[in-house]
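Undergrad: A predicted structure for the sequence below; I have some questions about it.
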Amino acid sequence: HFRAGDLTALPILLADFPGALRPHPAGEPALVLGSGSFGSAAHLQRLGHAVTVVELDREVAALGLRYLGSLSGLAAPALQLVIDDGRRFLARAPDAARYGVIALDVPAPYHLQTALLYTADFYRLARAHLARDGVVAISLCDGLAGAVGRAIAAAALQVFPHVAVVESETLGMAVLYA
């Protein structure tokens with residue numbers, strides 16, 4: 001199923017689209033929270049970003065690299081993989097750490113661990129580590145009109161002065177760019 005439906009479209013909207021539209025120097029750091037298929041990381045890597053992926057679950061990362069890494073075209077040696085909680089990783093990052101793109105490639109906020117990545121407090125932390133004119137890409141997990149999507153967008157609007165939402169019929173959900 002790797003090249004079908006949302007496994008193909010979601011990384012394009014989360015990573016490729018904001019990474020390609022935003023001018024950046026070669027090797028600019030990009031951060032992907034959540035490894036999944038490593039599709040988001042691969043898109044950013046192909047665009048010339050130095051990609052760090054933060055994954056909470058070591059086994060998810062190992063399986064993703066083992067079974068899907070080569071399908072995505074990801075060049076694993078150039079990838080920095082960190083096994084950690086995304087909140088903890090950014091909280092401990094040096095103040096000077098800046099990312100041109102931060103893509104939240106994480107599951108919907110139906111469990112406490114992931115729900116904490118969809119809060120105004122977390123978005124403040126992410127914003128503090130954005131490069132000048134950087135972009136945070138956040139899945140609304142459904143459409144903007146849905147209860148979950150509205151809650152995620154409301155939290156982002158508390159922190160970011162500029163947001164845009166792209167709704168995809170292919171995905172059946174929307175992605176917010178801040």
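TA: Alright, I've got the coordinates.

Undergrad: when you work out contacts or count neighbours from here on, use the C-alpha atoms and nothing else.
TA: Will do.

Undergrad: moving C-terminal of the longest strand along the chain, what's the next helix or strand?
TA: When the chain is parsed with DSSP state E, its longest strand is strand 130-139. Scanning forward in sequence from strand 130-139 by DSSP states H and E, the next helix or strand is helix 147-157.

Undergrad: and the contacts of whichever helix or strand comes after that following helix?
TA: The helix or strand immediately downstream of helix 147-157 is strand 164-168, counting by DSSP H and E. Strand 164-168 is contacted from outside by 143, 144, 173, 174, 175, 176, 177, 178, using Cα atoms under 8 Å, 6 or more residues apart in numbering.

Undergrad: what about residue 27, neighbour count?
TA: 12 (other Cα atoms under 10 Å).

Undergrad: correct me, but it touches residue 46?
TA: No - with contact defined as Cα atoms under 8 Å, residue 27 does not count as touching residue 46 (10.6 Å).

Undergrad: for the protein, give me the ranges with low pLDDT.
TA: Applying pLDDT under 70 to the chain picks out residues 1-7, 75-77, 171.

Undergrad: where along it do the strands fall?
TA: 29-33, 50-55, 80-83, 99-104, 130-139, 164-168, 173-177.

Undergrad: and the helix ranked longest in the chain, what does it pack onto?
TA: Longest helix in the chain by number of residues (criterion: DSSP state H): helix 58-72. Helices and strands touching helix 58-72, by 3 or more Cα pairs under 8 Å, 6 or more residues apart in numbering; DSSP states H and E: there are none.

Undergrad: tabulate the CA atom coordinates of that helix in PDB.
TA: Provided in PDB are the C-alpha atoms of helix 58-72 (Å, rounded to 0.1, in the frame of the first residue of the first chain):
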ATOM      1  CA  ARG A  58      12.300   2.500  18.400                       C
ATOM      2  CA  GLU A  59      10.500  -0.500  16.900                       C
ATOM      3  CA  VAL A  60       8.300   1.700  14.700                       C
ATOM      4  CA  ALA A  61      11.400   3.400  13.300                       C
ATOM      5  CA  ALA A  62      13.200   0.100  12.800                       C
ATOM      6  CA  LEU A  63      10.300  -1.400  10.900                       C
ATOM      7  CA  GLY A  64       9.800   1.800   8.900                       C
ATOM      8  CA  LEU A  65      13.400   1.900   7.800                       C
ATOM      9  CA  ARG A  66      13.600  -1.900   7.200                       C
ATOM     10  CA  TYR A  67      10.500  -2.300   5.100                       C
ATOM     11  CA  LEU A  68       9.700   1.200   3.700                       C
ATOM     12  CA  GLY A  69      13.000   3.200   3.700                       C
ATOM     13  CA  SER A  70      14.200   1.900   0.400                       C
ATOM     14  CA  LEU A  71      10.800   2.300  -1.200                       C
ATOM     15  CA  SER A  72      10.700   6.000  -0.300                       C
END
